[in-house]
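Asks: pasting a predicted model and its sequence here:
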Amino acid sequence: MLTTRTAFACVLSTCLLLSCNNKNGNKGSAKSGSTPSQFDTVQVLQNDPLNIDELNKGFAGNAAQQFTASAKKISVIKGEKGLKVTINPSALELEDGTAVEGKIDVTLIELTTTNDLFKSNAATMCNGRLLASGGSYFIGMENNGQKVRIKNGHTIQIDFPVIADEEMELFYGERNNNSNMNWKRAGASLVPKQEERDLIDVNNMGYDVFPAETKFIRAELTLYRSLHEKVYYYNKRMTVQQLVDTLNRNSKKVFLETVYTWPKSLDTLPKGTWVDTAYLLRIYGPAKQYYIKTYKSLQDENERLARLAAQRDSMLANWHPQSLVGQIQKYYQPSAITALGWINCDRFYQYKQQTDVELDLPITLNGSKIQFFLIFKSFNGLMNYNVDTVGIDKSVFRNLPVGEPVTIIGFSKAGGQIFQCKEDFIIVKNKTVALSFKNVSPGEMTKMFGKNVRI
């Protein structure tokens, strides 16, 4: 139910101070954390709707980390929560196409919890499909006050920390005119790194491999570009295929393992797209290449991986880290990105059943706009939903996964005051949620969205 506050509180609630300028903080070659905020005063009239987007921007600005990198050499920066970015100036340019010079100013934002996603309004949706996030990140760069972009045909390397056990994909984020986030698939899988002390990168085999598609093979194995490549067996010259046939003449001892070295992103190109195969052959070699592996080594490798998995599970079960950084055990294999901005490690949520949830809206908020956020508790997931309550007392949140525990948070504004609802429930069929809104004080909003948001 709506409550009445003192006239003094009403006056306070009409002033919204937001930090939209976070560019003047101290910068150095090492991480400097969040920079000091400068507040712009925005007068909010009583009849103006509440703009939660401004509060989201304020939170993101406060969470931004600032770094400085050289435009003359390759450098690596690391965020507070583990994101590592390899900055190669030769792959960068200004938006007008000119070269970067001097210092590159880098901004990182790391969103690794549902609370972070909520406060920055980074819904985990891909064209209407729900995603489970393994971390959402913003990477922005400027040079002498101008925005920096990645050159066409170039990439920069990113190492994402593993904060979820599931295999993830890479997504790029875009905000629409309503500032709602939509993620688009980049066509690259993110696989946790294996132990690297007994593995080697085929980049060292004499030709380049697209960074996102780096393959790892055991050091004692030799990679062959073709089954017709010539080899020697007891001074007898033969092809790779003939060698395998010879070794398996009496019993199966070896087999051929296929390695795909061309970028997987080619698989996602629209039909009819022209691809320069001569260039791909020159840079990556043949799309399919091979190495010979013994059946015994395959069995030994499976047993080794099983022992490592059991050892890791035992260590994690008996270890209690004190910080998020301490919980990051490993990184995904390096991923190459082609654009700066919002980047996400996600997987599509696997629905078992879907249902709609009906929301009972208070009649006292009729005629106002309500902004809802649905926060998932069992994984990093967020959905948002806006309702115009003119002439209605019910609304429906559609296509929700049955059985998931969630928290719904809603914001509205009436009579110059801000109101909030917060309800926990489990999504079940034929569910109706009665929403109770209460007046939110300036102190509560400041606590919710951070110190650079004032009312």
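Replies: Perfect, thanks for sending it.
Asks: helices and strands around the helix or strand where residue 371 lies, which ones?
Replies: Secondary structure assignment for residue 371, by DSSP states H and E: strand 369-376. Applying 3 or more CB pairs under 8 Å, 6 or more residues apart in numbering; DSSP states H and E, one finds that strand 369-376 contacts helix 114-119, strand 381-388, strand 394-401, strand 405-414. No exception for glycine: its C-beta is placed from N, CA and C like everyone else's.
Asks: each with direction, which strands does the third one pair with?
Replies: Within its sheet, and counting by DSSP bridges, strand 394-401 is paired with strand 354-360 (antiparallel).
Asks: what's across from residue 192 in the sheet?
Replies: Legend: beta-bridge partners of residue 192 under DSSP bridges are residue 332.
Asks: near it, how many other residues are there?
Replies: 15 (other CB atoms under 10 Å).
Asks: equivalent analysis for residue 130, please.
Replies: 24.
Asks: which residues are in contact with it?
Replies: 124, 348, 349, 351, 381, 383, 401 (CB atoms under 8 Å, 6 or more residues apart in numbering).
Asks: repeat that with 6 Å
Replies: By CB atoms under 6 Å, 6 or more residues apart in numbering, residue 130 lies in contact with residue 349.
Asks: hang on, residue 252 in a strand?
Replies: No - in this structure, residue 252 is coil, not part of a strand, as judged by DSSP: H, G, I helix; E, B strand; the rest coil.
Asks: skipping its backbone neighbours, what lies nearest it in space?
Replies: Of all residues not flanking residue 252 in the chain, residue 295 sits nearest, at 6.4 Å (CB to CB, 6 or more residues apart in numbering).
Asks: burial of that neighbour, as a residue count?
Replies: Using other CB under 10 Å, residue 295 has 13 neighbouring residues.
Asks: give me phi/psi at it?
Replies: Note on residue 295: its backbone torsions stand at phi -60, psi -30 [degrees, to the nearest 10].
Asks: cool, and residue 223?
Replies: Per-residue torsions, residue 223: phi -90, psi 130 (degrees, to the nearest 10).
Asks: beta partners of it?
Replies: residue 291.
Asks: strands of the stretch 201-350 of the chain, start to end?
Replies: Under the criterion DSSP state E, counting those that start in this stretch, the stretch 201-350 of the chain contains strands at 216-218, 223-224, 230-233, 236-239, 254-260, 288-294, 335-337, 341-348.
Asks: now mean neighbour count too, for those, in TSV please.
Replies: Formatted as TSV, the strands of the stretch 201-350 of the chain follow (neighbours: other CB atoms under 10 Å):
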stretch	mean neighbour count
strand 216-218	15
strand 223-224	20
strand 230-233	12
strand 236-239	12
strand 254-260	14
strand 288-294	17
strand 335-337	23
strand 341-348	22
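Asks: closest one to residue 119 among those?
Replies: strand 341-348 (14.9 Å; CB to CB).
Asks: and residue 165, what pLDDT?
Replies: pLDDT, residue 165: 70.
Asks: let me have the helices and strands packed on strand 369-376 in TSV, extended by distance to residue 80, mean neighbour count and mean pLDDT.
Replies: As requested, those are arranged in TSV below (distance: least, CB to CB, whole Å; neighbours: other CB atoms under 10 Å; pLDDT from 0 to 100):
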stretch	distance to residue 80	mean neighbour count	mean pLDDT
helix 114-119	12	21	89
strand 381-388	21	19	89
strand 394-401	31	16	91
strand 405-414	25	20	90
